[in-house]
Structures are given as C-alpha cells and as structure tokens.
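Engineer: Let's see this in three dimensions:
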Amino acid sequence: MTIIFTAQAAGADEDLEGECLSAGVSETQDGDGMVLIFQCCTYEPDDQDIALGMDTHCVVTANQGTAYGAVRDIRLSDNVLRVVFDPDDLEALDLAEPEVEVTLDVDQESVEQLRQGLRRVLSYGRADARPHVLDL
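Structural biologist: Residues are numbered from 1 along each chain as shown. This is a model prediction of the structure:
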C-alpha cells in the first residue's frame with residue numbers, strides 16, 4: 001500500500017545560522033497533518049557526523065519520526081512527489097508503509113523551490129546513503 005495525501009504547503013529554506021537546509025511538504029499551511037521534511041547540513045560532514053551516521057540526509061515526519069539516509073527512491077513529476085523509504089527505517093519514521101505519494105496543491109514557484117531543495121538535500125553526504133533513484 002501507499003500513503004497518499006495532498007500537500008497545501010511545499011518549499012525549501014536555508015538557515016545559515018542553524019547550518020541547515022530543509023525541503024518539505026505539509027498537508028496543511030500551518031504544518032498539521034502529514035508532513036515530510038528532508039534536511040541536511042550546510043557544511044561538509046565532520047568526523048563526529050560520520051561516526052554517528054549523520055553524514056547524509058535526514059527525514060522528519062509529522063510525529064517527529066527521524067531517520068538518516070532513509071530515502072531509496074524519489075520522483076517529482078506533474079505536481080506529484082513519490083518517495084520510497086528504506087523499510088528498515090519505517091519504525092524510526094513512524095510510517096506504516098514505505099511508499100508515500102503527495103499531490104502538490106501549491107503554485108509552481110513552490111514546486112520549483114521544493115525540487116531545487118530536494119536536489120541539494122538528497123545529494124549531501126556519503127554516496128552509499130543517497131537515493132538509488134533521484135528523478136527531480
């Protein structure tokens with residue numbers, strides 16, 4: 001099965017002070033409901049990041065479920081975002097299914113911000129933790 005929802009908010013943001021790049025979608029404008037946030041650092045991973053396995057992208061869900069390197073396949077086409085997560089990360093992400101399909105009910109500028117943000121976030125860090133399919 002696939003988790004399906006419509007996002008009324010999407011985009012990306014770079015917090016230079018917090019050294020974090022985020023791209024994500026939310027079911028509602030105020031962040032309630034289903035949420036997928038993809039993050040990475042704005043600096044190269046250091047020795048501590050590497051030792052802790054935090055030298056890759058991070059995904060956060062609505063219930064603060066969090067996993068590093070969890071995205072296996074991601075595609076964005078015709079205002080539909082499809083994500084496949086590693087089944088081993090479902091418990092950490094608090095998700096019942098590995099596949100999520102999000103219809104983006106947002107303007108094209110927001111879609112493009114999301115696309116560019118996801119490209120940057122998901123190409124961060126070690127190569128073996130990047131998505132096998134990245135079609136953005």
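Engineer: Might you report the residue contacts of V60?
Structural biologist: Neighbour list for V60: V35, L36, I37, Q39, T66 [criterion: CB atoms under 8 Å, 6 or more residues apart in numbering]. In this view, the C-beta of every residue, glycine as well, is placed from N, C-alpha and C.
Engineer: now that we have these, which one has the most neighbours?
Structural biologist: Among the contacts of V60, the one with the most neighbours (other CB atoms under 10 Å) is L36, at 25 neighbours.
Engineer: Quick check: closest non-adjacent residue to S77.
Structural biologist: Closest residue in space to S77, ignoring its immediate chain neighbours: D135 at 7.2 Å, by CB to CB, 6 or more residues apart in numbering.
Engineer: and the one you found, what pLDDT?
Structural biologist: Reading off the per-residue confidence, D135 sits at a pLDDT of 95.
Engineer: contacting residues for it?
Structural biologist: Taking CB under 8 Å, 6+ apart as the contact definition, D135 lies against I74, R75, L76, S77.
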